Structure formats: structure tokens, C-alpha cells
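Enquirer: Any chance you could fold what I've pasted below:
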Amino acid sequence: MDSSVNTRPLLQRSDSDSDFDEDPIAAARKEGIEDEVDIKDTRPLFNNWEPADRYSIGYIIFYILGTVILLPWFFFITAEEYWMYKFRPLSNNVTITDNGRSELQASFTSYMTIAATVPSTLFLIINPLINHKISLNVRMHGSLASMLILFIVTTVFVKVDTDLWQEEFFFVTLAIIILLNIASAILQSAVFGVVGRFPAKYIAGTMRGLALGGIIAAVAKIVSLFAGASPTISALAYFIMADAFIVLSILAYMFLASTLFFKYHCEELPRHCSIQYEPVHTVEKPTSPIIRDISYITILKKIWVQGTVLWYCFVVMFTVYPAVTVLVKSSYVGNPTWKEVYFVPVVTFLLYSVCDYLGRILSGYIPISEKRTWSIAAMSIARTAFVPLIMLCNAQPRQHLPVLIKSDTLYILITIAFGLSNGYLANLTFISIPKIVASHEQEVASTMLAAFLGVGIACGSGLSLLVVELL
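Expert: All right, here's what the predicted structure looks like:
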């Protein structure tokens, strides 16, 4: 063979490239043992290619999607005065309960909680089992479009006089809540499933978005109080904001799904192109993609500690928040406006939501290794102490337990610790998932964690009814 002929494979790096060792085939030829060499070079011909998330657009969009998952529900809760106005007694024939409310007013919050938690929990449990049968775009667009339609209907009802058909409006509203929370559960499962394929910071961004929804709702409530807006005007503003956020999230997801960055992490684009060398002069063709079976039991065995921690974290939270915390009264004897108007919105809702948000940020700076799962579990169990602490604060009315913590300052400190610990542990469990499961298991693992979260909310909400009766 003419040694002057260049027999180096096409696109193989030259000897002058400092990042690679000398071509093993060329080295064998120099030694004169070409016929005896049998070398397999398993190094990829190209380095892994990954599209950049320019200007952090992908991160921002996941942030928005995280915010919109629970923001509509936060606005439903925030508009309590509006619901009380819609179901107010209009005649002397209406039965009035001991707290001065009509039967519809007195029962609405309890029915709303049941209508929200039961279908949401059910669908969060089912979603990991059926997600692979429905395309991501159908789940995302279908759930967001359903939420938008339901909230547009809710917004229209603000301007509709329902006084002559209060009972019918009561059941229509409950039906809307059921459908809204089904759509929200599908969206939550889809978002956490897809973000599970991305680096941990995107999961953290989605979790922070969840907390941001609470902050936005609390700020909207305080602004409406400061402006002295009527219940209907406040509700109209809340629901229009929810409509705008849902429209924004639809447009944001459509843009994200069209990017190379999204398609790459969703495995719609090849991560690298590699060519391997078998015996001399033989080039192996690129292998076909490996199809891996997903074992739900195997994934559950890997994440059950994180899932249990997340579940119990939200059980503790919703056992007292907001059912008990909303009843806590200020003992401040100064400005009555602060005591009667702003204390609950500022401390119970805004302060808690801000601390929950900060706790999720804190988990990125003070991480706990995924190998120290029992340390995380111990922290979650320790949060049980917040239940009796908050019950012993100045929650009114009460018939059984004494008030042992009357100080506003102590209650505020408890609220800060309660919010920080909740956000810290919740975020910590989600960002640990990419480290404890294989890459092809991350989507299912993330949707399973979302199910643990939903079941925790449902269990905590159920316990809150008992806790309120124990006060």
C-alpha cells in the first residue's frame, strides 16, 4: 500500500489535535502490525451536542408554568368575600347558622375543599400510569385550554345576577371547581413529568413558580383591601389575572415546544453522533435507539423516601394552613385596621408564601445529599411540632384548647419557620430525583412525586376539618 495515501477515516481528528490521543489505527501501522491489530475505539466521533437555553428562556417558561398550576386555585380561595356575597341571605325565610351565615355560605368552603381535593388527588395518582398513552402536547394544551375556558366562565358569572338561582349557581360553581382541579392535576403531572427530563435547576424553577402563585394571590388580596374594592370588583380582578396568566402560559409553552433546546431534552433530537471502529477497515453503523421498559415498582423503590417526605410535608402544612391560620387573630391593641383588616392577609398568606418561596431558593444553597435520605425524613417528621404550636396560637373561635401563644411576634416567627421549612423540604425532594433514578425513569419519577404531593394536600385538608373542631 502506498504510504503517501491518507487512509485516515473521514472527519477523524488529525494527530495535531491536542484534545485527542493519537489514532490507534495509525499508530499500529507505524509499528508494522497492521494485520494483527484488533482495536475498538468507543470514543464518540463528536462531543455531546446540547442546544443552549439562550437568555434562560426555557427556565423562565417553566417558572411561568409552575406559577399557573395553582394560581387559579389560589384566586378561588382569595375571593372568599365574593362567594359570601353571591350566597348571602336574601329573605327572612333563609336559615341562618350560629355564625350569622346562610347555609350556603356556611357550607361552601367545606364543599369547595372536597370538590377540589378529591378529583385532583385521584387524577394525580392515575396520571403516572396513563401519561405514556397520551402525547405531551395533548395533555399540556388540553389542560391549559380547559382551565382557560372554565375561568372565562367564572369571570363572566361575576357580572351575572345569580340572586334568584343561588342554589343552582352553588352547584354550577362546584362543578367548575371539580373540572378545574382535574385539569390542574393533569397539567401538574405533565409539567413535572417533562421538567424531570431537564437539569435540576429547571425543576427548582418550576417549584418556585408554585410558591410564587401564592405570593401573587396574597398581594392581589392586599391591594384590593387597600383600594377598598367591592367583593365583585376584587373577584373580577382576580379572575381576569388568572385568565391572563393561563393565556401567557399557553403561548409560552407553544414557543418552548418549538425550540431545539426543548426537543433535545425530550429526546426528539440525537444527543451525539458516534462511529466505532471494529477490526481495521471496518466501520460500525450507528446503533438503533435502545427502548427501555419502565418499571413503576422499581422507580417507587428508589424514590419512596423522598415521596413520603414530600407527602408528609404537605400533610403537616394543610392540616393547619389555611384552615387554622386564617382564624388566628392579632392581639395588637393599637391600630384596629391592622388587627381587623390586614393581619390575616399579610401574615397568614403573604408572609407564609414569601417564606415558602425563600425556602425553595435556600435548598439550592444548602443542599442535603440524596444519600442522607433519613436526615431529610427526620426534618419532615420534626415539622409535626408546628401543628400543636399553631393550634395553641390565638385562633378564634375556640371551645376546647387554651390559648398559650398570644404574642403576634411569636406567631410571626412560627409562620416564618413554618414557611421556610416547607419550601426547603419540598424543593429538596424534587431536585434530588435526577440523581437517584436513571434518565429514562425521570419523567415517571417526577409525576409520581407530584402524586405524593397531591395526596399530601388531600390528607392534610381532611385532617384540618378535625383540627378546627378540636380548637
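Enquirer: Look at the residue nearest to Thr373 when sequence neighbours are not counted and give its secondary structure.
Expert: Leaving out its chain neighbours, the residue that sits closest to Thr373 by CB to CB, 6 or more residues apart in numbering is Val305, at 4.3 Å. Quick note: C-beta positions are derived from backbone N, CA and C, even for glycine. Here Val305 is recorded as helix under DSSP: H, G, I helix; E, B strand; the rest coil.
Enquirer: Identify the residues contacting Val305.
Expert: By CB atoms under 8 Å, 6 or more residues apart in numbering, the contact set of Val305 is Thr373, Trp374, Ile376, Ala377.
Enquirer: just checking, which of these belong to helices?
Expert: Among the contacts of Val305, the ones falling in helices (DSSP state H) are Thr373, Trp374, Ile376, Ala377.
Enquirer: and which of those is nearest Thr206?
Expert: Ile376 (19.5 Å; CB to CB).
Enquirer: Enumerate every residue touching that closest one.
Expert: Val305, Gln306, Val309, Ile368, Leu425, Leu428, Thr429.
Enquirer: these two touch, right, the fourth one and Leu428?
Expert: Same thing as Ile368. Yes: Ile368 is within contact range of Leu428, at 6.2 Å (criterion: CB atoms under 8 Å).
Enquirer: Out of those two, name the residue with the larger neighbour count.
Expert: Leu428 (27 against 15; other CB atoms under 10 Å).
Enquirer: how many neighbours does Phe349 have?
Expert: 25.
Enquirer: and what of Tyr85?
Expert: Neighbours of Tyr85 (other CB under 10 Å): 15.
Enquirer: do Phe108 as well
Expert: 20.
Enquirer: Let's have the ones in helices among the contacts of Val305 in JSON lines, adding pLDDT and distance to Gly462.
Expert: Putting the ones in helices among the contacts of Val305 into JSON lines (pLDDT from 0 to 100; distance: CB to CB, whole Å) gives the following:
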{"residue": "Thr373", "pLDDT": "77", "distance to Gly462": "27"}
{"residue": "Trp374", "pLDDT": "81", "distance to Gly462": "27"}
{"residue": "Ile376", "pLDDT": "86", "distance to Gly462": "25"}
{"residue": "Ala377", "pLDDT": "88", "distance to Gly462": "22"}
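Enquirer: farthest-separated two in those?
Expert: The widest separation within the ones in helices among the contacts of Val305 (CB to CB) is 7.3 Å, between Trp374 and Ile376.
Enquirer: What's the local residue count around the nearest residue to Ile412 once chain neighbours are set aside?
Expert: Distance criterion CB to CB, 6+ apart; nearest residue to Ile412, sequence neighbours excluded, is Val347 at 6.0 Å. The number of residues packed near Val347 is 19, by other CB under 10 Å.
Enquirer: closest to Ile246 among the ones in helices among the contacts of Val305?
Expert: Ile376 (33.8 Å).
Enquirer: how much space between the closest one and Ile361?
Expert: 18 Å (CB to CB, to the nearest Å).
Enquirer: Surely Arg360 and Thr206 touch.
Expert: No: with contact defined as CB under 8 Å, Arg360 does not reach Thr206; the gap is 10.0 Å.
Enquirer: now Ile376: how far from Phe386?
Expert: 17 Å.
Enquirer: before we move on, what about Gln396?
Expert: 19 Å.
Enquirer: For stretch 310-328, buried residues please.
Expert: 310-321, 323-328 (16 or more other CB atoms under 10 Å).
Enquirer: sorry, that was for stretch 168-184
Expert: 169-170, 173-174, 176-184.
Enquirer: Give me the buried subset of the contacts of Val305.
Expert: Thr373, Ile376, Ala377.
Enquirer: Between Gln396 and Phe386, which is the more surrounded one?
Expert: Phe386 (20 against 10).
Enquirer: Identify the spatial nearest neighbour of that one, chain neighbours not counted.
Expert: Phe418 (5.0 Å).
Enquirer: count of residues packed around the one you found?
Expert: Count around Phe418 with other CB under 10 Å applied: 26.
Enquirer: same for the helix or strand harbouring it, what does it pack against?
Expert: Element membership for Phe418, per DSSP states H and E: helix 408-431. Other helices and strands packing on helix 408-431, by 3 or more CB pairs under 8 Å, 6 or more residues apart in numbering; DSSP states H and E, are helix 200-227, helix 296-320, helix 352-365, helix 373-382, helix 386-391, helix 442-470.
Enquirer: Quick one: the ones you listed as JSON lines, columns for distance to Phe262 too.
Expert: Output for the helices and strands packed on helix 408-431, formatted as JSON lines (distance: least, CB to CB, whole Å):
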{"stretch": "helix 200-227", "distance to Phe262": "11"}
{"stretch": "helix 296-320", "distance to Phe262": "23"}
{"stretch": "helix 352-365", "distance to Phe262": "23"}
{"stretch": "helix 373-382", "distance to Phe262": "31"}
{"stretch": "helix 386-391", "distance to Phe262": "39"}
{"stretch": "helix 442-470", "distance to Phe262": "14"}
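Enquirer: Show me the contact partners of the helix or strand harbouring Ser143.
Expert: Secondary structure assignment for Ser143, by DSSP H and E: helix 136-158. Residues outside helix 136-158 that contact it (CB under 8 Å, 6+ apart): 68, 72, 82, 131, 169, 172-173, 176, 179-180, 183-184, 186-187, 189-191, 193-194, 232, 235-236, 239-240, 242-243, 246-247, 249-250, 253, 257, 266.
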